[in-house]
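Engineer: Predicted model and sequence follow; I will ask about them next.
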Amino acid sequence: MKNELAGIINPTHDIKLFSGRSNPELSKEIAKHLGTTVGPMVIKDFADGEIYVQVQESVRGDDVFIVQPLCKPVNQNLVELLIIIDAFKRASAKSITAVIPYYGYARQDRKTSGREAITAKLVADLLTTAGCNRVLAVDLHSGQIQGFFNILVDHIFATSILVDYIKQLNLNMDDVVAVSPDTGGVQRARHFAKDLGCTLAIIDKRRDKHNEAIANCVIGEVKDKICIMFDDIIDTAGSITEAAKLLKKEGAKDIYVCAVHPVFSGPAIQRLTDAPIKEVIVSNTIPHNKEELPEKIKQLSVAQLLAQAISRIHDDESVSTLFGFEKEMKV
């Protein structure tokens with residue numbers, strides 16, 4: 001049986017867990033919670049940039065789990081994952097599950113103007129063609145991405161981790177308001193507001209160019225309130241920091257930011273440092289050197305969450321039962 005109190009989800013050693021090079025520390029954490037180790041594999045680059053993969057133990061007839069977030073450099077990490085999947089397929093693995101804590105290319109999930117690519121669907125097709133049998137993903141940018149796959153997709157959320165941390169701050173919930181930084185994230189913010197037992201506000205935002213956002217006005221009462229903004233991704237931090245400035249202008253007392261995926265491209269960290277934000281709470285779906293992050297950025301681990309899901313998939317148990325909030329949250 002599972003011993004979750006001791007931090008080990010499944011003490012058996014029959015789960016075959018492997019890792020790409022994009023976030024090996026997270027893979028080791030997951031393995032620790034599962035009571036196993038990351039399997040041996042050679043991954044190296046040829047002189048021309050091509051990637052070589054060799055699995056160094058037998059996986060014939062085994063359930064294999066590959067941990068590889070599609071973060072920067074996203075193209076290299078994506079191709080590396082495809083090659084790893086192909087290697088396991090040719091090694092006669094019984095099933096191959098791609099554990100993708102951060103699903104890259106997810107924001108291009110529909111056409112917003114003529115002659116655009118839908119890369120979220122393209123990545124789904126590539127994973128399937130490579131030989132993937134199942135995907136385990138954390139906080140997809142939009143729930144519709146699950147429908148792009150013709151294989152099983154387990155979509156789990158890091159909601160509980162962020163909410164638990166907020167609750168540990170012992171804030172007066174009568175003074176707290178959950179804020180959606182745009183209209184697209186209202187369902188996400190509403191779910192957090194329900195979990196925290198607080199009110200909800202929405203920021204009206206327009207985006208004229210990629211990675212450029214303008215916050216226009218706040219819908220809801222934020223004056224003298226502790227505002228907690230919730231989003232799935234912080235990329236260049238333009239949206240979040242502009243929203244924070246607007247909230248401060250509208251009289252917010254303190255501002256916190258919660259986001260699952262810390263992409264932190266370009267000026268993001270500097271913008272967050274300079275913004276009127278008390279604390280930025282993110283997960284480790286994307287690796288960052290904690291020593292290089294400013295003090296106001298708090299990084300929480302999703303390792304145990306993923307270990308629980310992996311264990312349940314391996315044991316043919318319900319994943320949706322474990323993460324019941326998935327049914328309530330439509331993002």
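Structural biologist: It's in.

Engineer: any weak-confidence spans in the stretch 151-300 of the chain?
Structural biologist: Counting by pLDDT under 70, the stretch 151-300 of the chain has low-confidence residues at 206-215.

Engineer: For it, just list every one of the strands.
Structural biologist: For the stretch 151-300 of the chain, the strands defined by DSSP state E, counting those that start in this stretch cover 152-156, 176-180, 199-209, 212-219, 226-234, 254-262, 279-283, 297-300.

Engineer: Could you dump these into JSON lines and include distance to residue 19 and mean neighbour count?
Structural biologist: Every residue, glycine included, has its C-beta placed from N, CA and C. Output for these, formatted as JSON lines (distance: least, Cβ to Cβ, whole Å; neighbours: other Cβ atoms under 10 Å):
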{"stretch": "strand 152-156", "distance to residue 19": "18", "mean neighbour count": "19"}
{"stretch": "strand 176-180", "distance to residue 19": "34", "mean neighbour count": "26"}
{"stretch": "strand 199-209", "distance to residue 19": "35", "mean neighbour count": "16"}
{"stretch": "strand 212-219", "distance to residue 19": "34", "mean neighbour count": "16"}
{"stretch": "strand 226-234", "distance to residue 19": "22", "mean neighbour count": "25"}
{"stretch": "strand 254-262", "distance to residue 19": "18", "mean neighbour count": "25"}
{"stretch": "strand 279-283", "distance to residue 19": "17", "mean neighbour count": "24"}
{"stretch": "strand 297-300", "distance to residue 19": "19", "mean neighbour count": "17"}
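
Engineer: Export those as CSV, with columns for distance to residue 14.
Structural biologist: Putting those into CSV (distance: least, Cβ to Cβ, whole Å) gives the following:
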stretch, distance to residue 14
strand 152-156, 19
strand 176-180, 42
strand 199-209, 45
strand 212-219, 47
strand 226-234, 33
strand 254-262, 30
strand 279-283, 28
strand 297-300, 29
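
Engineer: between these, which one is nearest to residue 318?
Structural biologist: Evaluated over the strands of the stretch 151-300 of the chain, closeness to residue 318 peaks at strand 152-156, with 10.2 Å, by Cβ to Cβ.

Engineer: Does anything pack onto the closest one? Which helices or strands?
Structural biologist: strand 134-138, helix 303-314 (3 or more Cβ pairs under 8 Å, 6 or more residues apart in numbering; DSSP states H and E).

Engineer: How about residues contacting that strand?
Structural biologist: By Cβ atoms under 8 Å, 6 or more residues apart in numbering, the residues outside strand 152-156 that reach it are 133-140, 143, 145-146, 305-306, 309, 313, 319, 323, 326.

Engineer: Need the helices and strands packed on strand 152-156 in TSV (columns: mean neighbour count).
Structural biologist: Formatted as TSV, the helices and strands packed on strand 152-156 follow (neighbours: other Cβ atoms under 10 Å):
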stretch	mean neighbour count
strand 134-138	22
helix 303-314	23
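
Engineer: how about TSV for the ones you listed, with mean pLDDT and distance to residue 63 added?
Structural biologist: TSV is the format used below for these (pLDDT from 0 to 100; distance: least, Cβ to Cβ, whole Å):
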stretch	mean pLDDT	distance to residue 63
strand 134-138	98	9
helix 303-314	96	5
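
Engineer: With residue 77 as the reference, name the closest of these.
Structural biologist: strand 134-138 (14.4 Å).

Engineer: For residue 32, find the nearest of the strands of the stretch 151-300 of the chain.
Structural biologist: Set against residue 32 and scored by Cβ to Cβ, the strands of the stretch 151-300 of the chain come closest in strand 297-300, at 16.1 Å.

Engineer: Show me what that closest one is packed against.
Structural biologist: If you count contacts as 3+ Cβ pairs under 8 Å, 6+ apart, strand 297-300 packs onto helix 159-168, strand 279-283.

Engineer: go with 6 Å
Structural biologist: Here strand 297-300 touches strand 279-283, going by 3 or more Cβ pairs under 6 Å, 6 or more residues apart in numbering; DSSP states H and E.

Engineer: what does the strand it packs on contact?
Structural biologist: The contact list for strand 279-283 (Cβ atoms under 6 Å, 6 or more residues apart in numbering) reads 158, 162, 165, 256-260, 262, 272, 296-300, 302.

Engineer: ok, so of those residues, who is nearest residue 17?
Structural biologist: Ranked by distance to residue 17 (Cβ to Cβ), the contacts of strand 279-283 are led by residue 302 at 14.9 Å.

Engineer: helix or strand for the residue sitting furthest away from the middle of the chain, which one?
Structural biologist: Ranking residues of the chain by C-alpha distance from their mean position (Cα atoms, centre = their mean) puts residue 47 at the top, at 32.1 Å. In this structure, residue 47 sits in neither a helix nor a strand according to DSSP states H and E.
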